[in-house]
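Enquirer: Predicted structure and sequence below. I'll ask about it afterward.
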Number of protein chains: 2
Amino acid sequence: MHIIESLQWRYATKKFDATKKLTSEQIEVLKNAFSLTATSFGLQPIKLVVIENKEIQESLVEHSFNQRQVADASHLLVICFQDEFTTEDIETYFSLVKEVRQTPDEVLNPFKDYLVDAFSKKTRDEMHTSFKNQAYIALGNLLNVCAIEKIDSCPMEGFVPEKYDELLNLKAQNLKSALILPIGFRAEDDFMKDLKKVRKPLDKTVIDIK
Amino acid sequence: MHIIESLQWRYATKKFDATKKLTSEQIEVLKNAFSLTATSFGLQPIKLVVIENKEIQESLVEHSFNQRQVADASHLLVICFQDEFTTEDIETYFSLVKEVRQTPDEVLNPFKDYLVDAFSKKTRDEMHTSFKNQAYIALGNLLNVCAIEKIDSCPMEGFVPEKYDELLNLKAQNLKSALILPIGFRAEDDFMKDLKKVRKPLDKTVIDIK
């Protein structure tokens, strides 16, 4: 199927079929796709939590404005970002670059020093804003990969991050939740399922400069 | 090619082959993919500027921290968001829903009223932050579609939005630039081209909760 047809097939699934389960192969594709998301300077300050536990999913519904997708979906993905981000994280990244590419220190160090300096000047809020942006890139990537793999999904900003952080023990893991994405199979009786896609005409969405 | 292989093929292209041009069919796919990006409540407060003009591209290099990708790429994409967003924009959206889906007013109006009220309580900055988030979803989508279509790309936050807004006359069109994406063909001598991808191991990027 052409990518445009896949993107047309995608819609924000409001009702999932709670009896159907994604395979571990499908989840593996999404994990790998997430890991391949482009991040600013390649630093990967984001992390994916994959929940496949009905009890936990049920407990999150009330902190998701009572949206049942969270519980009925086969799996619930939570895209998180790092709370504290330190020089050590930058050092770890450059050690990894060195290991994978055998790049000599004299090539890596100037860029490393630049990043250490740049990050030392950022406030915590500025870092969080930047890391959250990258969570949104990951969301765009995952929505797309789900569509290609015929996995239904529902991108959601409507949840209480503080409650998720608490219930999923994210703080202890230096993480904050940014976005959630229930994934699985559209229910036969999801009223959104057969509705036509609504999009502005292309000439209202795109400007050509030649 | 499997989506994971496509994502592995992708890298932030630092040097483009300035002699090669994407076809209008390739650009059409990207425009359509952009239009199909998921946006909050479906409101599409984002717009894509597609630049194919070497003179303009050259003039933007100095406002892009002298990164030559901007000029050497076949096309330069600029993802923008709406500056002012009013009740009229919400009304226009619901007129479109009604036209496409023939949804009766009594079904649409409560949701419309909810959105009008919710947006009236948002500050300009809050709206901009939210719209920018959606620009990042579009970036994630476009990076992915480029990879599938074997189009090279370089996602960039490193540019001066105010200068872009001025030179591209965006303010007059009620737009602000959020992100740029030069697209085209990797140069044979791009030193990044054959470097191995650096990613943390999957167990540092994903947390399973079962």
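Expert: Yep, that arrived. Numbering: from 1, shown residues only, chains lettered A, B, ... in the order given.

Enquirer: Contacts for stretch A:187-201 next, please.
Expert: Stretch A:187-201 has contacts (C-beta atoms under 8 Å, 6 or more residues apart in numbering or on different chains) with A:8, A:11-18, A:72, A:186, A:205, B:35-36, B:42, B:44, B:93, B:96-97, B:100-101. Using the backbone N, CA and C atoms, a C-beta is placed for each residue, glycine as well.

Enquirer: ok, of those residues, which come out buried?
Expert: Among the contacts of stretch A:187-201, the ones that count as buried by 16 or more other C-beta atoms under 10 Å in any protein chain shown are A:11-18, A:72, A:186, A:205, B:35-36, B:44, B:93, B:96-97.

Enquirer: Just the ones of the residues you listed in helices?
Expert: Per DSSP state H, helices hold the following members of the buried ones among the contacts of stretch A:187-201: A:72, B:35, B:93, B:96-97.

Enquirer: mind putting the residues you listed in JSON lines, pLDDT included?
Expert: As requested, those are arranged in JSON lines below (pLDDT from 0 to 100):
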{"residue": "A:72", "pLDDT": "98"}
{"residue": "B:35", "pLDDT": "98"}
{"residue": "B:93", "pLDDT": "96"}
{"residue": "B:96", "pLDDT": "97"}
{"residue": "B:97", "pLDDT": "96"}
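
Enquirer: count of residues packed around the closest residue to chain B within chain A?
Expert: Scanning chain A for the residue nearest chain B gives residue A:140, at 2.2 Å (criterion: C-beta to the nearest C-beta). Using other C-beta atoms under 10 Å in any protein chain shown, residue A:140 has 25 neighbouring residues.

Enquirer: Which pLDDT value belongs to it?
Expert: For residue A:140, the pLDDT comes out at 98.

Enquirer: coming back round to it: pick the one among the ones in helices among the buried ones among the contacts of stretch A:187-201 closest to residue B:152.
Expert: Minimum distance to residue B:152 across those is 21.9 Å, recorded for residue B:35 (C-beta to C-beta).

Enquirer: Is the closest one in contact with residue A:205, as I believe?
Expert: Yes. The pair residue B:35 / residue A:205 is scored as a contact, 4.8 Å apart, by C-beta atoms under 8 Å.

Enquirer: Touching both of those two, which residues are there?
Expert: A:199, B:44.

Enquirer: surely residue A:15 meets residue A:71?
Expert: No. Using C-beta under 8 Å as the test, residue A:15 is too far from residue A:71 to be in contact (11.3 Å).

Enquirer: list the buried ones in the lengthiest strand in chain A?
Expert: Taking DSSP state E as the criterion, chain A has its longest strand at strand A:175-184. By 16+ other C-beta under 10 Å, the buried positions in strand A:175-184 come out as A:175-184.
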